[in-house]
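Peer 1: Quick one: sequence plus predicted model below, questions after.
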Amino acid sequence: MPEALYPEMKRQRKQDFLTYLPSQIITSILSSLPIRTIVQYKCVCKQWLHLLETDEFVRSHLAISVPTLAVLTPTWKPCPNSISESEYGERTRSLPVILQRDSSLCIVFEFEDDQNLERHDHHFSPLTNFDFPHSAEIKGSANGLLFLSKPRSEAHSEDHYVCNPITREYVEVRCPKELVHLFPNQFTCPEVELFFPRYPQPATYGFGASKITGQHKVVRIFHGRVTAPGGRRIVPIFECHVHTLGTGSWRRVESSAPFQYSTDATCVFLNGNLHWIVSDAVSDLWISCFDLETERFSIFPTPLLYEECDALIVGLSVLGDCLCLCYHTEEDETVIWLMKEYGVDESWTREYVFNIKEYPNIEGSSSICPIKVFKDGDILMSLDDGDELIYYSNKTQTAHEISLSGVVDGELYSILFTPSFLSLKSLKMENVISF
């Protein structure tokens, strides 16, 4: 073979090196790259595009994906009845403008976790951001998917969304009308009914993935009351329905004892189960657990919280790999309990106690949810179901509000979020919308 051909052969081998690598090795290499780089590599060639959309790559990447912080803030527009669009620019300085929710801005932040950081709020950088076309709140997350619901001010709506911020896909999940219970109508006069229309009773929702099959499910718990036949007696009822993504249908499942659920309570996904703070007939607190694989309820006891405070608003979250309870006492202490061994009642441990009474927005009526403990002992927390983000400095024993780039002051919803390339289309979802 002529020596002149050797350089050309070497160049060709270099070009074909990745082509002839086993797909498992390529998958392992690509899954360890930064998300921005992976998105760019989808444009390299059709082979890589196909590879990056396979179930094998999605699972491999998710297994080592580094958690981020997903933040959702509402965007507003003038109410049509308050001021016309032509007048808006000229009269906003002289007339008050009534605003209404229009859509939502979602930003996913990467953050550093280092022992030597002076302030954690200076080390959050946007990974991706987009305008979500609906007004919504973050209600849960599993396998890189966000579960979004209409905001609390629109509590009678049964519209929900499952969204992947990385693949830029979302799908609407709507509860069938036949599952919606209206408030009992105690008025027998048709004229009065016109002024007091019947409207849906609120329900509690949760979202997660089963531990064995990996199926993603939306769980709806209705806890309300209906009018008995004859219209003279109000009857409390408790129902649970499950919607498995990709099936297009809801199924009724066996429910547990009728504990009192709160529509504002956070649902926590951990270990293949959904968890809610509930109360019984004598107002004792419990944790209701729903196994997404067996679709059965169980109950966890909480620590003896009432020994410390007569009136508690308890936040439920996941801290590390542990179920976490947090509250603020009347003595201005913030207390964090961890269930060190999942499902073992005796493993509840009073892990953190600190005083941040100088932080003005923390009161006994505040709901506090820890999100992450950094390596240096600082703690990232949200107040009032995510309306505000703060971190407690272990070094200075003070609390600071976190100011995030692109997020204006005001209402926000946040959750620890593990990015994933899981496509909603791979779950056989219909009407998947890309944005």
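Peer 2: Structure's in. What do you need? Because the structure is predicted, anything quoted here is derived from the model rather than measured.
Peer 1: any idea which residue sits dead centre in this protein?
Peer 2: G140 (2.5 Å; C-alpha atoms, centre = their mean).
Peer 1: In terms of helices and strands, where is that one?
Peer 2: Following DSSP states H and E, one finds G140 within strand 137-142.
Peer 1: circling back: what's the separation between the residue nearest to the centre of the chain and E254?
Peer 2: 22 Å (C-beta to C-beta, to the nearest Å). Yep, even glycine has a C-beta here, placed from its N, CA and C like the rest.
Peer 1: Name the strands paired with whichever helix or strand V242 is part of and say parallel or antiparallel.
Peer 2: Following DSSP H and E, the helix or strand that holds V242 is strand 234-244. Strand 234-244 pairs in its sheet with strand 216-227 (antiparallel), strand 250-253 (antiparallel), by DSSP bridges.
Peer 1: if we can go back for a sec, packing partners for the strand holding G140?
Peer 2: Applying 3 or more C-beta pairs under 8 Å, 6 or more residues apart in numbering; DSSP states H and E, we find strand 137-142 packed against strand 68-78, strand 145-149, strand 203-209, strand 268-270, strand 413-417.
Peer 1: picking that back up, with mean neighbour count as extra columns, can I get the strands paired with strand 234-244 in CSV?
Peer 2: Shown next, in CSV, are these (neighbours: other C-beta atoms under 10 Å):
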stretch, mean neighbour count
strand 216-227, 20
strand 250-253, 14
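Peer 1: Which one of those strands lies nearest to K425?
Peer 2: strand 216-227 (13.1 Å; C-beta to C-beta).
Peer 1: Tell me what angle the closest one forms with strand 137-142.
Peer 2: 130 degrees (axes from the mean of the first three to the mean of the last three C-alpha atoms, to 10 degrees).
Peer 1: and strand 216-227 with strand 203-209, angle?
Peer 2: Between strand 216-227 and strand 203-209, the angle comes out at 160 degrees (the same axes, to 10 degrees).
Peer 1: avg pLDDT for strand 216-227?
Peer 2: The pLDDT scores in strand 216-227 average 86.
Peer 1: Now do it against strand 145-149, angle only.
Peer 2: Going by the same axes, to 10 degrees, strand 216-227 makes 20 degrees with strand 145-149.
Peer 1: mind checking how far strand 216-227 is from the chain centre?
Peer 2: A distance of 19 Å separates the centroid of the chain from that of strand 216-227, by C-alpha atoms, centre = their mean, to the nearest Å.
Peer 1: Let me see the ranges of the strands in the stretch 251-400 of the chain.
Peer 2: Counting by DSSP state E, counting those that start in this stretch, residue ranges of the strands within the stretch 251-400 of the chain are 268-270, 273-279, 285-291, 296-301, 315-319, 322-328, 333-339, 348-355, 368-373, 379-383, 388-393, 398-401.
Peer 1: With mean pLDDT, distance to Q215 and mean neighbour count as extra columns, can I get those strands in JSON lines?
Peer 2: Shown next, in JSON lines, are these (pLDDT from 0 to 100; distance: least, C-beta to C-beta, whole Å; neighbours: other C-beta atoms under 10 Å):
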{"stretch": "strand 268-270", "mean pLDDT": "96", "distance to Q215": "13", "mean neighbour count": "20"}
{"stretch": "strand 273-279", "mean pLDDT": "92", "distance to Q215": "13", "mean neighbour count": "22"}
{"stretch": "strand 285-291", "mean pLDDT": "92", "distance to Q215": "12", "mean neighbour count": "20"}
{"stretch": "strand 296-301", "mean pLDDT": "91", "distance to Q215": "15", "mean neighbour count": "14"}
{"stretch": "strand 315-319", "mean pLDDT": "91", "distance to Q215": "20", "mean neighbour count": "22"}
{"stretch": "strand 322-328", "mean pLDDT": "89", "distance to Q215": "22", "mean neighbour count": "22"}
{"stretch": "strand 333-339", "mean pLDDT": "90", "distance to Q215": "25", "mean neighbour count": "21"}
{"stretch": "strand 348-355", "mean pLDDT": "90", "distance to Q215": "30", "mean neighbour count": "15"}
{"stretch": "strand 368-373", "mean pLDDT": "88", "distance to Q215": "26", "mean neighbour count": "21"}
{"stretch": "strand 379-383", "mean pLDDT": "86", "distance to Q215": "29", "mean neighbour count": "23"}
{"stretch": "strand 388-393", "mean pLDDT": "84", "distance to Q215": "32", "mean neighbour count": "20"}
{"stretch": "strand 398-401", "mean pLDDT": "82", "distance to Q215": "39", "mean neighbour count": "17"}
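Peer 1: Sweet, I'm off.
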